[in-house]
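*Asks:* Below is the sequence, then the predicted model.
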Amino acid sequence: MLTSDLIINYKNEVEEVRLLLNSGLLKEAKEKLDTFKIFNEVYYSMYSSYYYLSGDYQGGICLLKEAIEQIPFSFEITYNLAMLKSAAGDLVESLTLFAVCGKIALNETDKEEAIEQSKNILNEMKKHPDFPTQEVLKYSNLAEKILNERDERTYPINRFNESLIKRAVKNREGDSYLTEMYKSMHIKNVDNNSRYFFKTEMLQGRVSNSYSFTIENLTTLPIAVFDNYDDIHVKGPKRKFIFPKNTLTANQYNYYTFADSGSYTIYSKKLFFIGNPINLAPAKKDVQVIVSIFVDGLANTAIENKLEQLMPNTFKFFSKGYINNNCYTSGDWTLPSVSAIYTGKTTINHGLYHPFYHYELNKYNRLFTEDFKEQGYLTAQINNDWRVTPTYGYLQGMDRIIYQTSLGGLWAGEVVSEAIEHLETFKDNNHFLWVSLMDLHDVADEINNDLMSQVHLPSEFKQKKNLGPTSVLSKFDTNKIKKYDVELQRIDLHLSSLLSYLENTFGMENILVSLISDHGQTYLKQDDFLLHEPKRKVPFMLAGSNIKPQISNELSSITDIFPTMASIVGVKVDSQEGRVLRDFGGEGRAFALTETLHPKQPYLVAITDEEHIFRFKTKNNVTDNTLIDLEHYEAKLLNKNDLADVTVENKEKLKKYCDMVIERASKLQI
């Protein structure tokens, strides 16, 4: 087994620094720490000890804030930051951090210690003149909520089991977003059970009782009222409007369209939410409409040689454009993979990969949707994917989000219908639209709801269910493969409506449409290594403006999707780890990396280059806090064409990839 020198030297350095700190030799400890090449949990914890012992609390706080960005679920780093915040007198932030420690603690001892520290902070608050009794109670309740928080799948119920309907939330710049019910007669709110059955609409705007704006062209203004609301008045350049409260619909956005150019003031006696005005006048760019059709779990190996047979309408549309058959996902499931598409970063670098702990993607990452929005595109999501909810951070850069979990019935047909209605409503605008289709997820989860799929699947494939521990870990299954093919035909039926609408309404020269996915399926192939080709390979298709017909085998990654699309339409983005494909004038890439970073599973990496496939697997499982034992692993190199083991003949290349993997993951080294 090859062992990186980085890991060999690391443990010796750690022991030296610990001895220096314990001996009070702070200057010497700092000098040694400054020579470290691995910046992991242990490094940051020891450096924070140096700052604490030196009395430089702010220096330690600055360091650990950077550390949490890199290692978001570390108990040690979060606990040390809480201690430094407490020492610096920031009781509120300290209490919040200790509560987080209680949530992510790996054992009962650490959890009890974190809870005890929280109680100590609350006792300090009670004695402090700046914290009246009600304030102390508020922060005590917040700490309790954090200890019991869930993840973001339950949107529009938040992680504290509270409804977000009519509750404004803010993005990292402080802009407000409000979630409202959508097309739900008489239903004004949802709970954790009823949320499945209703759609919501989220818009950006502000809460006020008065708002002034100026328009030059036909403009629509969305407003939502709270439970206690009154008449809405509008003073325009030529006339006044009064919308009595009995004309307002209390459980949806009310859109009001104005034609006269000039200044307007909208006001009421009660607070209400005013969405950002939407200019309806023509503002066409060279490519007016950009649409990303995201099909969760679509494996390219399943359609590469059967696209025309399984998805004839999709084939007809994209055969006019670009089909890449050599695109790899960067993650093994939806949460980290879609994050990679939106940020251009691989799993270990964008940070959104823990299946249960809270992490906001937009806190430390810029999303490509922000670039499209800033370039004048009306950005929107029609979304039914519970791992891509607004509260994961996908509200950033989005003007409008329609959401309902697919488990409540928002399937392909209705998603397509909402997408078409959105585009037709704002027909003259420039558009960036993300459309999610979750229907293929049903196959792994053994859900059989749809008429077409049920009738067209022969009975011999319905005699047993083979559920894996999760959909990601479903084993090879010929029944599932057959169900998968039938479901693809059904998705194609619904996609035909959207694709025909786009071509007929806007013309191919004015659109750019992509068909993409986040991962393939494990059950498509018998292989002991999770990251095999049918799991890793995903489609990357483009059709529309200036896209010439081409079937390409250029090596690519899902991190390249938006940088390449942005380049085609002339939008500048910071592509991070993504690359513009050589097929479109970019630099391309030498290899594509996929990784699995999941608690209680081995850390896996697969790398594909022009000749080989590299496979890396740790012998020990990733911890609950997503730390990795990189010292003990197995790795091998396979021939790309026949998967023959060529490790012995390529030891230098094997070491190169091993060292690269260990170096990039070293921040998570245990």
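*Replies:* Nice, I can see it. Numbers count the residues shown, from 1 in each chain.
*Asks:* mind listing what Phe36 touches?
*Replies:* 13, 43 (CB atoms under 8 Å, 6 or more residues apart in numbering). For every residue, glycine as well, the C-beta is placed using N, CA and C.
*Asks:* give me phi/psi at it?
*Replies:* Phi and psi for Phe36, reported as degrees, to the nearest 10, are phi -60, psi 150.
*Asks:* what's the distance between it and Val569?
*Replies:* 43 Å (CB to CB, to the nearest Å).
*Asks:* before we move on, what about Arg239?
*Replies:* For Arg239, the distance to Val569 - CB to CB - is 40 Å.
*Asks:* what about these two, which has more around it?
*Replies:* Applying other CB atoms under 10 Å to Arg239 and Val569 shows that Val569 carries more neighbours, namely 20 against 9.
*Asks:* Could I get the contacting residues of the residue nearest to that one when sequence neighbours are not counted?
*Replies:* Excluding its sequence neighbours, the residue lying closest to Val569 (CB to CB, 6 or more residues apart in numbering) is Val287, at 4.5 Å. Val287 makes contacts with 510-512, 544-545, 568-569, as judged by CB under 8 Å, 6+ apart.
*Asks:* Let me see the contact set for Gly205.
*Replies:* Contacts of Gly205 by CB under 8 Å, 6+ apart are 176-178, 222, 273-276.
*Asks:* helix/strand/coil for it?
*Replies:* strand (DSSP: H, G, I helix; E, B strand; the rest coil).
*Asks:* Kindly report the same for Arg589.
*Replies:* Taking three-state DSSP, the label given to Arg589 is coil.
*Asks:* Just give the nearest non-adjacent residue to Gln454, would you?
*Replies:* Using CB to CB, 6+ apart, the closest residue to Gln454 is Asn448 (5.7 Å).
*Asks:* For burial, what's the neighbour tally of the one you found?
*Replies:* 14.
*Asks:* Need the phi and psi values for it.
*Replies:* phi -130, psi 70.
*Asks:* and it, what is it in contact with?
*Replies:* Counted by CB under 8 Å, 6+ apart, Asn448 has contacts 442, 454, 457, 462, 483.
*Asks:* do you know how far it is from Pro72?
*Replies:* In terms of CB to CB, Asn448 sits 38 Å off from Pro72.
*Asks:* One more: Asn251?
*Replies:* 36 Å.
*Asks:* neighbour-wise, which of these two wins?
*Replies:* Neighbours per residue (other CB under 10 Å) separate Asn251 from Pro72, with Pro72 holding more: 22 against 19.
*Asks:* Contacts only, for the more buried one.
*Replies:* Counted by CB under 8 Å, 6+ apart, Pro72 has contacts 351, 354, 357, 359.
*Asks:* give me the number of residues near the second one?
*Replies:* Using other CB under 10 Å as the criterion, His354 is surrounded by 20 other residues.
*Asks:* Could you double-check that it lies in contact with Val622?
*Replies:* No. Under the criterion of CB atoms under 8 Å, His354 makes no contact with Val622, lying 10.1 Å away.
*Asks:* Find residues that contact each of those two.
*Replies:* Common neighbours of His354 and Val622 (CB under 8 Å, 6+ apart) are Pro599.
*Asks:* how much distance is there from the lowest-mean-pLDDT helix or strand in the chain to the middle of the chain?
*Replies:* Counting by mean pLDDT, DSSP states H and E, the chain has its least confident helix or strand at helix 441-444, which shows a mean of 72. Counting by CA atoms, centre = their mean, to the nearest Å, helix 441-444 is centred 20 Å from the centre of its parent chain.
*Asks:* Show me what that helix packs onto, helices and strands only.
*Replies:* helix 478-506 (3 or more CB pairs under 8 Å, 6 or more residues apart in numbering; DSSP states H and E).
*Asks:* most surrounded residue in the contacts of Pro72?
*Replies:* Going by other CB under 10 Å, Gly351 tops the contacts of Pro72 with 25 neighbours.
*Asks:* The closest residue to His456 other than its chain neighbours: neighbouring residues, count only.
*Replies:* Spatial nearest neighbour of His456, chain neighbours left out: Val486 (5.1 Å); criterion: CB to CB, 6+ apart. Residue neighbour count, defined by other CB under 10 Å, stands at 19 for Val486.
*Asks:* Narrow the contacts of Val287 to those in strands?
*Replies:* The members of the contacts of Val287 that map onto strands under DSSP state E are 511-512, 544.
*Asks:* isn't Ile215 right up against Ala281?
*Replies:* No. The pair Ile215 and Ala281 fails to qualify as a contact (CB under 8 Å) at a distance of 9.1 Å.
*Asks:* hmm, back to that, out of the ones in strands among the contacts of Val287, who's nearest Leu395?
*Replies:* Taking CB to CB as the measure, Leu395 lies nearest Leu512 of those, at 23.5 Å.
*Asks:* So for the spatially closest residue to the closest one that is not a sequence neighbour, what's the pLDDT?
*Replies:* Of all residues not flanking Leu512 in the chain, Gly544 sits nearest, at 4.2 Å (CB to CB, 6+ apart). In this model, Gly544 is scored at 97, pLDDT.
*Asks:* burial of Gly544, as a residue count?
*Replies:* 28.
*Asks:* Flag the shaky bits of the stretch 1-150 of the chain, pLDDT-wise.
*Replies:* Segments of the stretch 1-150 of the chain classed as low confidence (criterion: pLDDT under 70) are 1-6.
*Asks:* quick revisit: could you verify that the residue nearest to Val569 is part of a strand?
*Replies:* No. Secondary structure of Val287 (three-state DSSP): coil, not part of a strand.
*Asks:* what's the spacing between it and Thr647?
*Replies:* For Val287, the distance to Thr647 - CB to CB - is 46 Å.
*Asks:* Please apply the same query to Lys373.
*Replies:* The value you get for Lys373 to Thr647, if CB to CB is used, is 47 Å.
*Asks:* Report the buried residues of stretch 508-522.
*Replies:* For stretch 508-522, a neighbour-count test (16 or more other CB atoms under 10 Å) marks 508, 510-522 as buried.
*Asks:* can you pull the alpha-carbon coordinates of that stretch into CSV?
*Replies:* C-alpha atoms of stretch 508-522 as CSV (Å, rounded to 0.1, in the frame of the first residue of the first chain):
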residue,chain,number,x,y,z
MET,A,508,-33.9,27.4,-31.7
GLU,A,509,-31.7,30.4,-32.4
ASN,A,510,-33.0,32.2,-29.2
ILE,A,511,-32.7,29.4,-26.7
LEU,A,512,-30.1,27.3,-24.9
VAL,A,513,-31.4,24.1,-23.4
SER,A,514,-29.5,21.6,-21.4
LEU,A,515,-30.4,18.1,-20.2
ILE,A,516,-28.3,17.1,-17.1
SER,A,517,-28.3,14.9,-14.1
ASP,A,518,-26.6,14.5,-10.7
HIS,A,519,-25.7,10.8,-10.7
GLY,A,520,-26.5,7.4,-12.3
GLN,A,521,-27.6,4.2,-10.5
THR,A,522,-25.8,1.5,-8.6
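*Asks:* How far does it sit from its chain's centre?
*Replies:* Using CA atoms, centre = their mean, the offset of stretch 508-522 from its chain centre is 17 Å.
*Asks:* Please apply the same query to stretch 438-454.
*Replies:* Taking mean C-alpha positions (CA atoms, centre = their mean), stretch 438-454 and its chain are 24 Å apart.
*Asks:* Any chance you could list what contacts stretch 494-512?
*Replies:* Counting by CB under 8 Å, 6+ apart, 284, 287-291, 293, 311, 313-314, 317, 320, 412-413, 415-417, 419-420, 423-424, 427, 435, 437, 513, 542-545, 547, 565, 568-569 sit against stretch 494-512.
*Asks:* what does stretch 375-383 give?
*Replies:* Contacts for stretch 375-383 (CB under 8 Å, 6+ apart): 278, 283, 285, 290, 369, 372-373, 388-389, 394, 397-403, 415, 418-419, 422, 426, 429-436, 571.
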